[in-house]
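**Q** just need the structure, nothing else, for what follows:
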Amino acid sequence: MHIAEGFLPASHCIAWAVASAPFVVHGVRSTVRQVREHPENRVLLAAAGAFTFILSALKMPSVTGSSSHPTGTGVGAVLFRPPVMAFLGAVVLLFQALLLAHGGITTLGANIFSMAIVGPWVGYGAYVALRTLRTPLEVQVFFAMTLADLATYVVTSVQLALAYATPTFGAAVGKFLTIFAVTQIPLAIIEGLVGVVLFRVLRSIARPELVGLGVLPAERTVAPVPGAAHV
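**A** Below is the predicted model:
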């Protein structure tokens, strides 16, 4: 899923870096503001970044000869909103490129755009839409993480098709989508299920933080009735 070094022309690398830069800068500001205003969420913020790092580093061979992996960006998008994930995702992708040779330095902008920008926004959009419909949190999380994953590979396919538009751009998009889709669809579904389990754990160990972030509603307290008799 990470576009490797040398797979994109220099002009494409520059264009994707320019397109991603404003989102990352805004993400830095959002992250700093989050830490300053809510220092109690620092551990959860670090956990969201670590979750993305671990899941997106799990390269799995595809039956089509490529490789694929989960993204993990839906968790941070639900907890801290997409701008924060633009920064966290950029940090994750940079370290993976430097330490794991997973993705390239010149293709960093393209990988950030697909996995750290588009993916989180699509996942967050699904989360907000389902939240508006008052669906259970598990349903919201499942679709947020599944669609964030799928959106990433769709954008990656488009990025590669733009670079290798042969014989036509449409044919190239179809070719790259086919390469990724066979493995990515079941992988995205599994990621959504993992997210459901994760949020169930967080609900039991970090409920105050989830309430503060607006993921869970505040618990209602019933005021005692004046003069009521106690039996």
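**Q** quick check: longest helix in the chain by residues?
**A** If you go by DSSP state H, the chain has its longest helix at helix 169-205.
**Q** other SSEs contacting it?
**A** On a contact count with 3 or more Cβ pairs under 8 Å, 6 or more residues apart in numbering; DSSP states H and E, helix 169-205 meets helix 42-56, strand 67-68, helix 73-80, helix 137-163, helix 207-212. For every residue, glycine as well, the C-beta is placed using N, CA and C.
**Q** please repeat the previous calculation with a cut-off of 7 Å.
**A** Judged by 3 or more Cβ pairs under 7 Å, 6 or more residues apart in numbering; DSSP states H and E, helix 169-205 is in contact with strand 67-68, helix 73-80, helix 137-163.
**Q** most tightly surrounded among these?
**A** helix 73-80 (a mean of 30; mean count of other Cβ atoms under 10 Å).
**Q** and the angle for that helix with helix 137-163?
**A** Following axes from the mean of the first three to the mean of the last three Cα atoms, to 10 degrees, one obtains 120 degrees for the angle between helix 73-80 and helix 137-163.
**Q** helix 73-80 to helix 169-205, inter-axis angle?
**A** In terms of direction (the same axes, to 10 degrees), helix 73-80 departs from helix 169-205 by 50 degrees.
**Q** tell me the mean pLDDT over helix 73-80?
**A** For helix 73-80, mean pLDDT is 94.
**Q** again with stretch 161-179
**A** When pLDDT is averaged over stretch 161-179, the result is 90.
**Q** in it, which residues are buried?
**A** Buried residues in stretch 161-179, defined by neighbour count with 16 or more other Cβ atoms under 10 Å: A161, L162, A163, A172, V173, F176, L177, I179.
**Q** gap between the closest residue to G212 other than its chain neighbours and I105?
**A** In space, and not counting its chain neighbours, G212 is closest to H38: 6.7 Å by Cβ to Cβ, 6 or more residues apart in numbering. Noted for H38: a distance of 33 Å to I105, by Cβ to Cβ, to the nearest Å.
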